[in-house]
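Asks: A structural model of the following input is requested.
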Amino acid sequence: MDLLATTSAVAVSSYALLSTIYKSAQALYAQPPANSSLQDNLGRSEAVLPSVDVIVPCFNEDPITLAQCLDSLASQDYAGKLQVYVVDDGSANRDLVAPVHKIYANDPRFSIILLANNVGKRKAQIAAIRSSSGDLVLNVDSDTILAADVVTKLVLKMHDPEVGAAMGQLVASNRSQTWLTRLIDMEYWLACNEERAAQARFGAVMCCCGPCAMYRRSALALLLDQYEAQFFRGKPSDFGEDRHLTILMLKAGFRTEYVPDAIAATVVPDSLGPYLRQQLRWARSTFRDTLLALRLLPGLDGYLTLDVIGQNLGPLLLALSSLAALAQLLIAGSVPWWTGLTIAAMTMVRCSVAALRARELRFLGFALHTPINIFLLLPLKAYALCTLSNSDWLSRKVANVPAEGEKQSVILHPNAGRHAASKRGMSGTIHKAGLSSAESSLTAAKSVCGCDRSTACK
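Replies: Reported below is the predicted structural model:
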């Protein structure tokens with residue numbers, strides 16, 4: 001049984017060494033450049049503001065959630081031309097969201113596109129992209145609320161013609177709901193402010209996340225056919241659209257960037273079932289695009305190669321050490337102290353560094369993610385690798401849609417239409433509103449829809 005102990009010790013030691021090198025480099029490069037604010041101010045003073053089309057694909061979305069999303073878009077303080085395209089992708093609950101559509105029907109900035117059949121998120125996006133003509137395209141998920149300055153800050157980053165795509169920072173809008181939403185919120189912070197921030201130092205964010213990602217239309221025009229016609233093993237590939245489009249941008253020679261102060265709050269899973277289904281879908285999409293991403297590495301900075309190795313070899317070493325340690329415990333009856341102490345030490349170091357960087361003690365609680373990763377996410381990734389051909393979205397379900405013959409009361413707020421249409425002042429600019437507007441939006445949406453978040457259709 002010494003073989004099991006040796007295998008576990010060697011694997012976990014290699015994991016610790018690789019993680020130390022990778023995370024140290026990541027922490028170094030994730031620090032914002034000293035001249036970033038100067039560059040932004042220069043861009044603000046010189047840029048001629050381009051027109052922006054916001055694409056919001058919806059499928060069986062909760063009316064309250066959709067109302068919050070659209071209210072945050074109507075409240076953007078962007079001084080340039082802004083058009084919003086809401087694409088209902090053949091939803092089964094269209095009668096429920098119709099009052100939300102009606103609120104914005106008289107706002108010239110909004111266009112409601114109703115697709116007869118469900119065609120999938122990617123094709124719904126493409127339908128709106130081909131129906132619009134703005135210089136920049138912002139993809140926003142229908143369960144996401146944008147801070148009032150998000151469009152402005154992303155546009156400033158896109159001032160550089162070499163930038164093909166840029167994403168904002170994601171936070172969990174329902175962070176305080178459960179222990180899992182708190183954990184996911186910290187996971188998002190780490191993914192954005194460590195992983196994406198370090199990649200952005202070299203202009204190569206590997207995935208501009210779907211809830212809030214802006215693209216240059218001239219670049220999209222070159223890539224749209226490839227984006228639409230992605231296949232895997234002869235089958236159309238629908239999910240993972242954000243990662244695939246980002247990699248296509250990099251492949252075409254464009255830079256992809258991260259804007260940490262463009263804050264987008266999105267709804268995250270509040271229980272393990274939906275969370276694991278989401279992670280399974282993401283794992284399949286990551287594996288599908290890994291080969292395409294590997295082909296890019298020779299033309300990118302050496303750190304990006306370390307990043308890919310750290311994200312793929314690291315979990316493999318961790319899984320190997322954990323399996324060997326578990327076998328040692330079950331078969332030989334000896335406790336794998338070295339493996340356990342090493343993993344615990346690496347966990348506490350990472351959480352402590354995150355707590356210092358974020359200046360929030362709550363990140364010490366991210367240690368809970370380690371057992372979830374070892375016992376749930378690593379086996380799930382192995383299953384994803386074995387089932388790559390499965391393209392089931394896994395979460396596109398309808399909840400609490402009234403049965404035939406039933407009716408749900410819908411009361412239109414008396415000022416809802418005027419509120420949406422009055423977002424523009426006499427000068428034609430959009431009034432300012434922060435994320436705090438989400439609270440009032442929730443109240444208004446409840447008046448419109450006569451229901452609460454328990455009917456979410458995600």
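
Asks: For V48, grab the count of nearby residues.
Replies: 7 (other Cβ atoms under 10 Å). For glycine as for every other residue, the C-beta is placed from the backbone atoms N, C-alpha and C.

Asks: What pLDDT is listed against it?
Replies: Turning to V48, the model gives it a pLDDT of 78.

Asks: my guess is it is in a helix, correct?
Replies: No: counting by DSSP: H, G, I helix; E, B strand; the rest coil, V48 falls outside a helix, being coil.

Asks: how close does it get to L154?
Replies: According to Cβ to Cβ, to the nearest Å, V48 stands 16 Å off from L154.

Asks: Check R284 too.
Replies: 28 Å.

Asks: repeat for I21
Replies: On the measure of Cβ to Cβ, I21 and L154 end up 32 Å apart.

Asks: and those two? which has more neighbours close in?
Replies: Counted by other Cβ under 10 Å, I21 and L154 do not tie: L154 has more neighbours, with 26 against 13.

Asks: In this structure that one contacts V163, no?
Replies: No: counting by Cβ atoms under 8 Å, V163 is not a contact partner of L154; they are 10.0 Å apart.

Asks: tell me the domain ranges of the protein?
Replies: As assigned by the TED database, the chain contains the domains 3-32+135-386, 51-134.

Asks: Give me whichever of the ones you listed is most buried.
Replies: Of these, the one with the most neighbours on average (mean count of other Cβ atoms under 10 Å) is domain 51-134, at a mean of 21.

Asks: What is the linear distance spanned by that one between its boundary residues?
Replies: 5 Å (Cα to Cα, to the nearest Å).

Asks: Could you pull up the mean pLDDT of that domain?
Replies: Mean predicted lDDT for domain 51-134 stands at 95.

Asks: next one: stretch 256-273
Replies: On average, the pLDDT along stretch 256-273 is 97.

Asks: Over to stretch 243-250?
Replies: Here the average pLDDT along stretch 243-250 is 95.

Asks: Let me see the residues that make contact with that stretch.
Replies: Under the criterion Cβ atoms under 8 Å, 6 or more residues apart in numbering, residues 164-165, 204-208, 213, 215, 219, 223, 226-227, 230, 237, 256, 285-286, 288-289, 292-293, 296, 300 lie in contact with stretch 243-250.

Asks: 6 Å instead?
Replies: 164-165, 204, 207-208, 223, 226-227, 230, 256, 285, 289, 292-293, 296 (Cβ atoms under 6 Å, 6 or more residues apart in numbering).

Asks: One more: stretch 281-291?
Replies: F232, F239, G240, R243, H244, I247, K381, A384, L385, L388, L394.

Asks: Kindly report the same for stretch 358-367.
Replies: Contacts for stretch 358-367 (Cβ under 6 Å, 6+ apart): M186, T347, C351, A354, A355.

Asks: Name the nearest residue to the fourth one, ignoring sequence neighbours.
Replies: Distance criterion Cβ to Cβ, 6 or more residues apart in numbering; nearest residue to A354, sequence neighbours excluded, is F363 at 4.2 Å.

Asks: mind giving me JSON lines with the contacts of stretch 358-367 and columns for secondary structure, pLDDT and distance to D88?
Replies: Output for these, formatted as JSON lines (DSSP: H, G, I helix; E, B strand; the rest coil; pLDDT from 0 to 100; distance: Cβ to Cβ, whole Å):
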{"residue": "M186", "secondary structure": "helix", "pLDDT": "98", "distance to D88": "33"}
{"residue": "T347", "secondary structure": "helix", "pLDDT": "97", "distance to D88": "44"}
{"residue": "C351", "secondary structure": "helix", "pLDDT": "97", "distance to D88": "42"}
{"residue": "A354", "secondary structure": "helix", "pLDDT": "96", "distance to D88": "39"}
{"residue": "A355", "secondary structure": "helix", "pLDDT": "97", "distance to D88": "42"}
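
Asks: closest to T6 among those residues?
Replies: Ranked by distance to T6 (Cβ to Cβ), the contacts of stretch 358-367 are led by T347 at 22.9 Å.

Asks: if I pick that closest one, what's in contact with it?
Replies: A367, T370.

Asks: just the one 4 residues further on next, same as before
Replies: Applying Cβ under 6 Å, 6+ apart, we find C351 in contact with F363, L364, F366, A367.

Asks: Tell me if the last one really is in a helix.
Replies: Spelled out, it's A367. Yes: according to three-state DSSP, A367 belongs to a helix.

Asks: If you count contacts, what does the top helix by length along the chain end up packed against?
Replies: As assigned by DSSP state H, the longest helix anywhere in the chain is helix 2-29. Secondary structure elements in contact with helix 2-29, counted by 3 or more Cβ pairs under 6 Å, 6 or more residues apart in numbering; DSSP states H and E, are helix 302-327, helix 337-358.

Asks: Next one: the residue lying closest to A345 once chain neighbours are set aside relative to G314, how far apart?
Replies: Closest residue in space to A345, ignoring its immediate chain neighbours: A16 at 7.9 Å, by Cβ to Cβ, 6+ apart. Using Cβ to Cβ, A16 is found at 10 Å from G314.

Asks: before we move on, what about I263?
Replies: For I263, the distance to G314 - Cβ to Cβ - is 29 Å.

Asks: Low-confidence ranges, the protein, go.
Replies: 1, 34-47, 233-236, 393-458 (pLDDT under 70).

Asks: show me where it has strands.
Replies: Per DSSP state E, the chain carries strands over the ranges 52-58, 82-89, 110-115, 136-140, 144-146, 163-172, 212-216, 231-232, 235-236, 255-266.

Asks: I'd like the ones you listed as CSV, with distance to A324 appended.
Replies: Putting the strands of the chain into CSV (distance: least, Cβ to Cβ, whole Å) gives the following:
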stretch, distance to A324
strand 52-58, 45
strand 82-89, 46
strand 110-115, 51
strand 136-140, 43
strand 144-146, 42
strand 163-172, 35
strand 212-216, 40
strand 231-232, 33
strand 235-236, 36
strand 255-266, 37
